[in-house]
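In: Any chance you can model this:
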Amino acid sequence: MFAVGNLFQALGSVTNTVLEIVTWLIIIRALLSWVSPDPSNSIVQFIERTTEPILQPFRSLIPSYKIGIDLSPLLAILALHFLKIFLVRTLFDLAARF
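Out: Purely as a prediction, here's the structure:
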């Protein structure tokens, strides 16, 4: 059964890494919004394509035109942090039980 434990530990590690990368991409996108980068830049396009599906549901919850500031990156980072605590720790706990 140690193989199942190793599988859960690997899943937890990969999930943790993916959540960290997505969090940093959201932070970079928020910082880029302050400087108005070239929209034809391939790196900017990649960051926008990667983060937009994550940010869009939060934008529909709190439209930025009502309060004048876009809080979707902050809400998305909080949701990712919750997933990191809940999902990754659950996977590591499952790994420890096997």
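In: CA atoms of stretch 82-89 as CSV?
Out: Only the C-alpha atoms of stretch 82-89 are listed here, as CSV (Å, rounded to 0.1, in the frame of the first residue of the first chain):
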residue,chain,number,x,y,z
PHE,A,82,-7.8,28.0,0.5
LEU,A,83,-7.3,25.2,-2.1
LYS,A,84,-3.7,24.9,-1.2
ILE,A,85,-4.5,24.5,2.5
PHE,A,86,-7.5,22.2,2.0
LEU,A,87,-6.6,20.1,-1.0
VAL,A,88,-2.8,19.7,-0.6
ARG,A,89,-3.0,19.0,3.1
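In: Show me which residues of that stretch are buried.
Out: For stretch 82-89, burial by neighbour count (16 or more other CB atoms under 10 Å) applies to 84, 88. In short, each C-beta sits where N, CA and C put it, glycine included.
In: Could you list the residues in contact with it?
Out: For stretch 82-89, contacts defined as CB atoms under 8 Å, 6 or more residues apart in numbering pick out 12, 15, 16, 19, 20.
In: Three-state assignment for the third one, please.
Out: State at residue 16, reduced to three classes by DSSP: H, G, I helix; E, B strand; the rest coil: helix.
In: now stretch 82-95, how far from the centre of its chain.
Out: 15 Å (CA atoms, centre = their mean, to the nearest Å).
In: now swap in stretch 81-88 and tell me
Out: Per CA atoms, centre = their mean, the displacement of stretch 81-88 from the mean C-alpha position of its chain is 11 Å.
In: coming back round to it: now, of the contacts of stretch 82-89, which are buried?
Out: Buried by 16+ other CB under 10 Å: 12, 15, 16, 19, out of the contacts of stretch 82-89.
In: Nearest to residue 57 among these?
Out: Checking the buried ones among the contacts of stretch 82-89 against residue 57 with CB to CB, the nearest one is residue 19 at 16.4 Å.
In: now the buried ones among the contacts of stretch 82-89 as TSV including distance to residue 42 and pLDDT?
Out: Below are those laid out as TSV (distance: CB to CB, whole Å; pLDDT from 0 to 100):
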residue	distance to residue 42	pLDDT
12	32	96
15	27	97
16	28	97
19	24	97
